[in-house]
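Peer 1: Compute the structure for the input listed below.
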Amino acid sequence: MRMILHSIKSPLQLLLLGGVISTGWVYAQQKAFEVLPPTQVLDVRSVGTQQIQALIGTVHMVQPSPTGKVTIWCDSALRNLQTNVVQLFGNVKIIRDSVSLSSNYGLYFGDERRAEMPNGVRLTRGRMVLTSSRGKYWANEKRSEFYGSVHVVDSSSSTDSDSLTYFENEGKSISVGNVSIFSPENNLTVFGDSVIHFEQRKYTVVPRRPRLMQIDSTSSGGIDTLLVTGSFMEAFQDTSSYFIARGRVEMARTDFAARCGDAVYFLKGDRVILRNKPVVWHAENQLTGDSIVVRTRERKLETVFVHGHAFAVSRVDSVHRMRYNQLSAREITMHFLNGKIVGIDADRTATSLYYLFDGAEPNGVNRSSGDRILMEFVSGKIDRIKIVGGVEGRYFPEHMIMNREHEYNLDGFSWIPDRPKRKQLRMVYDSYE
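Peer 2: From the prediction side, this is the model:
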């Protein structure tokens, strides 16, 4: 000890040494601080029964631990030697491994290895940056909580919420309250009451009130918006990049709408798979079946494929409201060009019911069946029907079907009038409607 004291040449060195020696015993309990240069120790004053140590001048402190040290920087600090709580002022930065928190003011609880930043906080970890009104960080647990206008930006998206809890070891974050996640690559936003994200698995869950909105420009320079709602939604950001929506799933866009129990939306493949009582509407056409696959190209409908108990219905016109052209088969494929229907291919046990007109006057109905039925359209109207294999047909004159149209409907016929509309999906921003 005499050799140590003999080497001290200034009061500041004595104070610094005193700080290190006095904390040595606490460090053994993993609670100590090391006060490092260029920190200046002003004094140690008594406030009641407490002793307060004042530090200024680019304060640099370290709290070592076998689980990882915490490094603290600030302009000045007041450290309570009894409670081991430090008040941090000006250019505050707390670093633990790859996590860095910064603010203009903070509190650090040495015994708990916990930090609080009540006047705004910024967290960085790699390319991820988080800002919020206030935050807390537990160094031992590697857990952090943020409250008020939480905004997170990473390499692929940005997230806003009322609060967020981040578990560093698990790579998991839980966002709660008015959550929105925006992906600029796809111009897509997901909303929800809460969102759970697993960064290592690239997996996201929206457990309540999920809503998806994707905005795209049209060839005419306008805006076309796809809206999707459901009871539960998952997102997988791997090589496929797809969303799964469950519950009462509804979606609507300018050229089509759909409803089902389960939907899978592939962002990169321009494909939507609908299951569990799916229904798709396009113009006056309605399609139902066991499953439906909708394919698009450059955000325009290309094909709609219906598998199992496939059924297509279209209302004849607004005058004869009980008359529906119908087509049933094991599989039906509807083809589009520039967003307009150009053909229908009904395969395997195909049957059609097609109403006839003599000018504007109704003229009965044709019922035909075969192995395959092909329909060609011009300007959205049927221009040609071709039946292949096992052809059977029958004509019913007008006097037989008038006011009895429902008796001639094909087996499995169902007209569902409550087509989802974008405004009915109650999305967040009315301006996008």
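
Peer 1: Now tell me what touches stretch 173-192 from outside.
Peer 2: Residues from elsewhere that reach stretch 173-192, judged by C-beta atoms under 8 Å, 6 or more residues apart in numbering: 150, 152, 156-167, 193-197, 199, 204, 206-216, 233, 235, 243, 267, 427-428. C-betas here are computed from N, CA, C, even on glycine.

Peer 1: rerun that using 6 Å as the cut-off
Peer 2: Contacts to stretch 173-192, defined as C-beta atoms under 6 Å, 6 or more residues apart in numbering, come from residues 157-166, 194-197, 206, 209-215, 267, 428.

Peer 1: Repeat that for stretch 229-242.
Peer 2: With C-beta under 6 Å, 6+ apart as the criterion, stretch 229-242 contacts 202-206, 210-211, 243-247, 249-250, 264, 266-268, 425.

Peer 1: how long is it end to end?
Peer 2: Here the two ends of stretch 229-242 are set 15 Å apart, with distance taken as C-alpha to C-alpha, to the nearest Å.

Peer 1: for stretch 404-419, same thing?
Peer 2: Note: stretch 404-419 ends 26 Å apart using C-alpha to C-alpha.

Peer 1: Distance from that stretch to the middle of the chain?
Peer 2: Stretch 404-419 has its C-alpha centroid displaced from the chain centroid by 37 Å (C-alpha atoms, centre = their mean, to the nearest Å).

Peer 1: nearest residue to Phe266 other than its sequence neighbours?
Peer 2: In this structure, Phe266 finds its nearest non-sequential neighbour in Tyr242, 4.5 Å apart by C-beta to C-beta, 6 or more residues apart in numbering.

Peer 1: in the stretch 151-300 of the chain, which spans are strands?
Peer 2: With DSSP state E, counting those that start in this stretch, the ranges of strands along the stretch 151-300 of the chain come out as 158-167, 172-183, 188-198, 203-208, 211-217, 223-229, 232-236, 242-252, 257-266, 271-275, 279-282, 285-288, 291-297, 300-315.

Peer 1: Export these to TSV and append columns for mean neighbour count, mean pLDDT and distance to Asp371.
Peer 2: Converted to TSV, these look like this (neighbours: other C-beta atoms under 10 Å; pLDDT from 0 to 100; distance: least, C-beta to C-beta, whole Å):
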stretch	mean neighbour count	mean pLDDT	distance to Asp371
strand 158-167	20	96	53
strand 172-183	19	94	45
strand 188-198	21	93	42
strand 203-208	18	93	45
strand 211-217	18	85	39
strand 223-229	20	86	36
strand 232-236	20	94	39
strand 242-252	21	94	33
strand 257-266	21	95	29
strand 271-275	21	96	26
strand 279-282	22	94	24
strand 285-288	22	94	20
strand 291-297	19	93	22
strand 300-315	20	94	14
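
Peer 1: mind putting these in a markdown table, distance to Leu88 included?
Peer 2: Compiled in a markdown table, the strands of the stretch 151-300 of the chain are given as follows (distance: least, C-beta to C-beta, whole Å):
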| stretch | distance to Leu88 |
| --- | --- |
| strand 158-167 | 21 |
| strand 172-183 | 25 |
| strand 188-198 | 30 |
| strand 203-208 | 34 |
| strand 211-217 | 41 |
| strand 223-229 | 45 |
| strand 232-236 | 38 |
| strand 242-252 | 43 |
| strand 257-266 | 47 |
| strand 271-275 | 52 |
| strand 279-282 | 59 |
| strand 285-288 | 63 |
| strand 291-297 | 54 |
| strand 300-315 | 57 |
